[in-house]
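Visitor: give the three-dimensional model of this entry:
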Amino acid sequence: MMSSVATVFKVYVESGKEQEVSDSIRKTLNPKAVQTDEVAFGIKVLKVMFVHEDSEGSTALEDGLRKIGGVTEVEVEDESLL
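Guide: So this is what the prediction gives:
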């Protein structure tokens, strides 16, 4: 039996494009959740959570996030078995 994994990515975006990028992520990658956090002095980051099978890994999701226009950086913030 395969295990499910929750992966949370921190997605940095060009200033002012948070909503546009968030909408694009929702349409193209079907995440479980997307939330906007302010990290400092008006700099905002999107936290994007996916639930996927352990065997799939998170590399394809990370690559998909990087391909979205307006995304400047992507990093895995948390990954845990469900």
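Visitor: other residues contacting the longest helix belonging to the chain?
Guide: Using DSSP state H to define each element, the chain has its longest helix at helix 18-29. The contact list for helix 18-29 (C-beta atoms under 8 Å, 6 or more residues apart in numbering) reads 11, 13-14, 31, 34, 36, 44, 46, 48, 50, 61, 64-65, 68-71. For glycine as for every other residue, the C-beta is placed from the backbone atoms N, C-alpha and C.
Visitor: now do 7 Å
Guide: By C-beta atoms under 7 Å, 6 or more residues apart in numbering, the list of residues contacting helix 18-29 from outside reads 13, 31, 34, 36, 44, 46, 48, 61, 64-65, 68, 70-71.
Visitor: for the lowest-mean-pLDDT helix or strand in the chain, name the packing helices and strands.
Guide: Counting by mean pLDDT, DSSP states H and E, the weakest-scoring helix or strand in the chain turns out to be strand 33-40, with a mean of 92. On a contact count with 3 or more C-beta pairs under 7 Å, 6 or more residues apart in numbering; DSSP states H and E, strand 33-40 meets helix 18-29, strand 43-53.
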